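[1] here is my input; please provide its structure:
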Amino acid sequence: MGRGTLGIAAAALMTLAGGCGDPHDPVDMAKVVEPPPRFIEARDLLVQFYGLTETPDVYWYGRVGLDCHEGRAFTTAEGWCVQGITYFYRESILSNYWPSQSGLVGDGAMQHEFAHIAAYQHGILAGDPDHDSHWFQPGGELDQAYDLLVANGLATPGL
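    Numbering: from 1, shown residues only. Got it, this is the predicted structure:
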């Protein structure tokens, strides 16, 4: 079982507080690219699997947006180099770089960021930014979500 999201760069979770930029639009639309093939299918599987109460908005950064970690990740407004980040527990921004270069949507950070959203929606303070809860433990929901994506041909086995 692989996590599929942690091998290249750690994904980060952040909640914006008042005064830290525009809380209604943390997305840099100049960096946004089309989502990968089968994104909607993967998103819907993860929403159902994690029991999310609403479907998050997801934006994919690519090309010029991948400006750190040798073109595998992006720099946030806070200066962090990440493959994925979730704002306000409802909006995720993801890199369109895949560790296997397979182009499969599940080889990125989406299931990791959705685990943060699920942790928050299921009562874990701040969406578990330290990855201490059952959601992120070996064999936990993140690993199970990755296995679900593999079983549906949406992720590469063994990443």
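[2] which residues in the chain form strands?
    Using DSSP state E, the strands assigned to the chain run over residues 12-13, 32-33, 57-61, 74-75, 81-82, 84-87, 91-95.
[3] mind putting the ones you listed in TSV, distance to Asp44 and mean neighbour count included?
    Just so you know, the C-beta spots here come from the backbone N, C-alpha and C atoms, and that holds for glycine as well. Formatted as TSV, the strands of the chain follow (distance: least, Cβ to Cβ, whole Å; neighbours: other Cβ atoms under 10 Å):
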stretch	distance to Asp44	mean neighbour count
strand 12-13	22	22
strand 32-33	20	15
strand 57-61	11	19
strand 74-75	25	22
strand 81-82	24	19
strand 84-87	18	25
strand 91-95	14	24
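[4] between those, which one is closest to Ala42.
    strand 57-61 (9.8 Å; Cβ to Cβ).
[5] show me how far stretch 134-152 is from its chain's centre.
    Centroid displacement of stretch 134-152 relative to its chain, using Cα atoms, centre = their mean, to the nearest Å, is 13 Å.
[6] now do stretch 71-80
    The answer for stretch 71-80 is 14 Å, by Cα atoms, centre = their mean.
[7] show me where this protein has its helices.
    39-50, 110-121, 141-151 (DSSP state H).
[8] nice, that's everything, thank you.
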